[in-house]
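Q: what follows is a predicted protein model with its sequence.
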Protein chains: 2
Amino acid sequence: MSDSQIETVLAVLSTDQAGAEQRLFELLRIPSISAQSDHAEDCVRAGALVSDRLTELGFSSKLVATKGHPVVLAQNFAAGPGAPHLLYYGHYDVQPADPLALWVSPPFEPVVVDGPHGRRVVARGAVDDKGQLSMWVEAFAAWTAATGSLPVRVTAIIEGEEEIGSPSLEAFLAEHRSELASDAAVISDTNMWDVATPAITTRLRGLVYTQIDIGAASRDLHSGLFGGSALNPITLLARVLGDLHDDQGRVQIPGFYDDSDEPAADEVAAWQALGFDEAAFLGQIGLSTPAGETGRDALDRLWARPTAEPNGIWGGYTGEGAKTVIPAEAHAKLSFRLVPGQKPQAVLDGLRQFLAERLPPDVRFEVHSFGASPGFAMDFGSPVMAAARRALAAQFGKPAVFVGSGGSIPVVECLKRVVGVDSLMMGFGLDDDQIHSPNEKFELCCFHNGAAAHARLLGELGKI
Amino acid sequence: MSDSQIETVLAVLSTDQAGAEQRLFELLRIPSISAQSDHAEDCVRAGALVSDRLTELGFSSKLVATKGHPVVLAQNFAAGPGAPHLLYYGHYDVQPADPLALWVSPPFEPVVVDGPHGRRVVARGAVDDKGQLSMWVEAFAAWTAATGSLPVRVTAIIEGEEEIGSPSLEAFLAEHRSELASDAAVISDTNMWDVATPAITTRLRGLVYTQIDIGAASRDLHSGLFGGSALNPITLLARVLGDLHDDQGRVQIPGFYDDSDEPAADEVAAWQALGFDEAAFLGQIGLSTPAGETGRDALDRLWARPTAEPNGIWGGYTGEGAKTVIPAEAHAKLSFRLVPGQKPQAVLDGLRQFLAERLPPDVRFEVHSFGASPGFAMDFGSPVMAAARRALAAQFGKPAVFVGSGGSIPVVECLKRVVGVDSLMMGFGLDDDQIHSPNEKFELCCFHNGAAAHARLLGELGKI
């Protein structure tokens, strides 16, 4: 790549920011909620919109059916057989939007509002991951418009089940292993350090997501006539969830920490040098007191320590007023964030043992698993990582920092295990983007900087 | 009353059983769910149906407006100024019918099915309390048809808020105190000992019903990005509910047992003589292991010991599949059954202290109260009690037993305190009637025996 080439590409991006925003908004208007079966057609529509756009950009693109929502599979090999081959990954599905009452505008009608960093777009999926995947699609478009082709060979996969644990992804990767074999994967589904400081994510927590169903009596009971004799499944569920952590915040499931790796001392030291302000981090969400394990640094707790969190709970009467019932059943969604070393199946087994040890013999319980992936740590020293550092430094005028993420991107582990490629995680979200919450937003400065950084990365990758 | 008079009255009841059933079914078809505001008009319709029936029977009857649902107030003083004055109490409102999916027939379309005791009617409110109040209305009708009037002066009140803690009743009783002044109150909202053995209830537990709202962060959070640093209100709620009881089943709220009376030794001895089979009691609902305080007899636990039971819980994601959220809020409905001596306000205060001691400073919590009434114990030796024993022995051919009830009938305490009358609790439900549960039923043999026993009671009361 010549310097003039990248300047031309960046100029294309710069002059068509309004168009890039409109293309993003069109995607945001599709309520592609993968968790809810009545939105299955919306998922197909979102996938088709992305696929059609890639076709316009010269890709050979199609929707590949799975047992769940389809995967977009697109290839553009115009750079020729000698060029590096990069695998771009994104997801077009989004989290459910509830509680709807807390949104200031409808979740699937994107609106642009002003904030401290300028214009931002508010919508479900604004950043996670429709906004982020759109950045690299825009970078492909700018390269194509400016130079007639991409500087590297590109395969792109955009799945529709990331928010429900990617149940169909592994089979898809295995089936298309030879087409996907590449020099590295590129993923934008993570955050910057702050609005001015780019970051490369080198560490991800894994995820085990479960639903626990507890049943006691064969029917709902009158709490006056049976209270004092009959078991109450809400009480039992509360006891086991209340007992998940000890008074030091450590998870009490048998064997939970057995295989968990501690981060290296220099990695911890680098995190400490970042000067993370946990008080400010918590302050933005109205809290002041850290939770989690005592005696651990904040970034250690957020990036390198496993957690157990109830994500939902329900049972008995939840309507208006009073109903004096001892219910027959109670339920919870309970998930675990895992760190490298921990084995998802061992956590599931430990959870079942934990419940069996605490619930009385009369009680029925079931643990359903909705996806399980281990934690993951990256290789710091690859040529792709170096290319990304150059691209980010050029775009932002300062070096990228290496960070962890408490979230889970199971595809990273899956791409390594099934396809054999390492992932570069270069994302442009901010901590306060409210992903998975009402009023999810994406700073449009981050969107445009991200698209430009992706354009620069393509140029840098063309040289390796 | 002459023996021929009561035989004539009983003959009227006996020949019009089909009519009595149809009148009950008409009342059961009205979904008068007091807890749900969209059923407010149904409550008025149910009250009006009862009121119109009493008017037909020669009562002066009207619906008296309250801040909530109206009270039916009806008087029939045809017996003349020298006759005893009895106050009949019932309630036309019913519990919510959910979960609807567990009903074998629609809850407000009464159906008659066969069971081990013959025909039974299945519907919400079949026994609690539409079926039971209909028994004494049928007894009024039979006396009127057979003799032209009632043998005693009768005032009847039928409220529409019993299932939500009777929030308007006390003001109603205070306002109408002089009209309600009477020799005793008669209430049918309790059970027989078994289908062949009548019972008089001499002891009731009180009720404090609350909703607890717990809030932590100012918005829902991504469990990966915030897990390990941010408080989880579901975990906090689970901890406090899981900590409600110690490992002996005793409630750990400060001062909870301070003023609770123990039953007299001879009362406990009489309960033991009843030969209550807790294994069978639990077996009918699919359980085998008693809950509640260890070291206490079953009937002591069910009738004379206070309890704390969560009646509902909700928070976070409760839909299909997975959502990795740490919610901003979690909620529970929590109720307490009280025994004589315990003070409802002290229990509420103790609950607030219990929560304040256990929740960290960042956490907001509120305790809402939906009604509070103390426990109550009756005078065994009154003339009305003696009349009831004669009536029941004549109808069933065996003496009535004295029992407690774990349920709450706050009107009993309120009638004593505000109006100054003692209540006779003579009910005809069975333990397996599934009140407050799906498929609530009433044995039609109990319905007809109850109506006849009420007719006999009216005759006996005419003599006192």
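A: Received, thanks. Treat the numbers as computed from the prediction; the structure is a model and nothing was measured.
Q: do stretch A:195-207 and chain B meet?
A: Yes - Stretch A:195-207 comes into contact with chain B (CB under 8 Å from any CB of the partner chain), by way of A:205, A:207. For every residue, glycine as well, the C-beta is placed using N, CA and C.
Q: hmm, who's touching the helix or strand harbouring residue A:121?
A: Residue A:121 is located in strand A:118-122, with elements delineated by DSSP states H and E. With CB atoms under 8 Å, 6 or more residues apart in numbering or on different chains as the test, strand A:118-122 has contacts from A:21, A:24-25, A:28, A:104-105, A:110-114, A:131, A:439-445, A:447.
Q: all helices for the stretch 101-250 of chain A, in order.
A: Per DSSP state H, counting those that start in this stretch, the stretch 101-250 of chain A carries helices over the ranges A:130-147, A:169-175, A:177-180, A:223-226, A:233-242.
Q: roughly how far does residue A:98 sit from residue A:120?
A: Remark: distance between residue A:98 and residue A:120 (CB to CB, to the nearest Å) = 22 Å.
Q: just residue A:7 next, same as before
A: Where residue A:120 is concerned, residue A:7 sits at a distance of 28 Å (CB to CB).
Q: same question, residue A:77
A: 36 Å.
Q: of those two, which one has the most company?
A: Higher neighbour count among residue A:77 and residue A:120: residue A:120, with 22 against 17, using other CB atoms under 10 Å in any protein chain shown.
Q: okay, that one: pLDDT?
A: On the pLDDT scale, residue A:120 is placed at 98.
Q: bridging residues for it?
A: Beta bridges link residue A:120 to residue A:113, residue A:443, judged by DSSP bridges.
Q: mind listing the strands for the stretch 51-200 of chain A?
A: Residue ranges of the strands in the stretch 51-200 of chain A, as given by DSSP state E, counting those that start in this stretch, are A:60-64, A:71-76, A:85-91, A:111-115, A:118-122, A:153-159, A:184-187, A:199-204.
Q: and the fourth one, what does it pack against?
A: Spelled out, it's strand A:111-115. Contact here means 3 or more CB pairs under 8 Å, 6 or more residues apart in numbering or on different chains; DSSP states H and E; on that basis strand A:111-115 packs against strand A:118-122, strand A:441-443.
Q: surely residue A:85 is in contact with residue A:153?
A: Yes - counting by CB atoms under 8 Å, residue A:153 is a contact partner of residue A:85 at 4.3 Å.
Q: what sits in contact with each of the two?
A: With CB under 8 Å, 6+ apart as the test, residue A:85 and residue A:153 both reach residue A:182.
Q: tell me the bridge partners for the closest residue to residue A:62 other than its chain neighbours.
A: Ranked by CB to CB, 6 or more residues apart in numbering or on different chains and with sequence neighbours excluded, the top spatial neighbour of residue A:62 is residue A:73, at 5.9 Å. Beta bridges link residue A:73 to residue A:62, residue A:157 when assigned by DSSP bridges.
Q: next one: residue A:73 from residue B:387, what distance?
A: 86 Å.
Q: cool, and residue A:101?
A: 57 Å.
Q: what of residue A:208?
A: 67 Å.
Q: who has more neighbours out of these two?
A: Under the neighbour definition other CB under 10 Å, residue A:208 and residue B:387 were set side by side, and residue A:208 has more, 27 against 22.
Q: who's that one bridged to?
A: So, taking DSSP bridges as the rule, residue A:208 has residue A:336, residue A:372 as bridge partners.
Q: isn't it right next to residue A:343, touching?
A: No - using CB under 8 Å, residue A:208 makes no contact with residue A:343, being 9.8 Å away.
Q: give me the buried subset of the contacts of strand A:118-122.
A: For these, a burial check counting by 16 or more other CB atoms under 10 Å in any protein chain shown picks out A:21, A:24-25, A:28, A:110, A:131, A:439-445, A:447.
Q: which one of those is nearest to residue B:64?
A: residue A:439 (48.2 Å; CB to CB).
Q: tell me which element the closest one is part of?
A: Counting by DSSP H and E, residue A:439 is part of no helix or strand.
Q: where's it relative to residue A:258, distance?
A: 40 Å.
Q: would you map the strands across the stretch 251-400 of chain A?
A: A:307-316, A:325-326, A:329-338, A:364-373, A:376-377.
Q: count of residues packed around the residue of the stretch 1-150 of chain A found nearest chain B?
A: Residue nearest to chain B within the stretch 1-150 of chain A (CB to the nearest CB): residue A:35, separated by 3.8 Å. By the criterion of other CB under 10 Å, residue A:35 has 20 neighbours.
Q: list the contacts of the residue of chain A most remote from its centre.
A: For chain A, the largest distance from the centre (CA atoms, centre = their mean) belongs to residue A:225, which lies 47.8 Å off. Going by CB under 8 Å, 6+ apart, residue A:225 touches B:302, B:405, B:406, B:407, B:431, B:435.
Q: return the residues in contact with the last one.
A: By CB under 8 Å, 6+ apart, the residues touching residue B:435 are A:222, A:225, B:95, B:127, B:128, B:429.
Q: try it again at 10 Å.
A: A:221-222, A:224-225, A:324, B:94-95, B:124-129, B:189, B:191, B:407, B:429, B:441-442 (CB atoms under 10 Å, 6 or more residues apart in numbering or on different chains).
Q: repeat that for the second one.
A: Contact analysis of residue B:405 by CB under 10 Å, 6+ apart lists A:224-225, B:189-191, B:199, B:201-205, B:302-303, B:425, B:427, B:429.
Q: one more: the fourth one?
A: Taking CB under 10 Å, 6+ apart as the definition of contact, the neighbours of residue B:407 are A:222-227, A:324, B:128, B:189-191, B:201, B:204-205, B:207, B:302-303, B:337, B:435-436.
Q: one more time with 6 Å
A: A:224, A:225 (CB atoms under 6 Å, 6 or more residues apart in numbering or on different chains).
Q: and it, which of the three is it?
A: Put simply, residue B:407 is coil when judged by DSSP: H, G, I helix; E, B strand; the rest coil.
Q: dihedrals phi and psi, it?
A: Main-chain dihedrals, residue B:407, degrees, to the nearest 10: phi -80, psi 180.
Q: show the pLDDT at it.
A: pLDDT at residue B:407 comes out at 83.
Q: please name the nearest non-neighbouring residue to residue A:66.
A: Residue A:66 sits nearest to residue A:168 (CB to CB, 6+ apart), 3.6 Å away.
Q: need the contact list for the one you found.
A: Residue A:168 neighbours (CB under 6 Å, 6+ apart): A:66, A:67, A:68, A:161.
Q: among these, the buried ones, what's the PyMOL command?
A: Selection command for PyMOL covering only the buried members of those, criterion 16+ other CB under 10 Å:
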select buried, chain A and resi 66+68+161
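Q: identify the farthest-apart pair in the contacts of residue A:168.
A: Maximum distance among the contacts of residue A:168 (CB to CB): 9.5 Å, for A:67 and A:161.
Q: out of the contacts of residue A:225, which one sits closest to residue A:177?
A: Set against residue A:177, the nearest of the contacts of residue A:225 by CB to CB is residue B:435 (61.3 Å).
Q: for the stretch 1-150 of chain A, which residues are neighbours of chain B?
A: Residues of the stretch 1-150 of chain A that fall close to chain B, judged by CB under 6 Å from any CB of the partner chain: A:35, A:36, A:95, A:96.
Q: can you report how many residues lie near the closest residue to residue A:462 other than its chain neighbours?
A: Counting by CB to CB, 6+ apart, residue A:151 is the residue found nearest to residue A:462 once chain neighbours are left out, at 3.1 Å. Neighbour count of residue A:151, defined by other CB under 10 Å: 22.
Q: surely residue A:151 meets residue A:456?
A: No - here residue A:151 does not reach residue A:456: they are 10.8 Å apart, not a contact under CB atoms under 6 Å.
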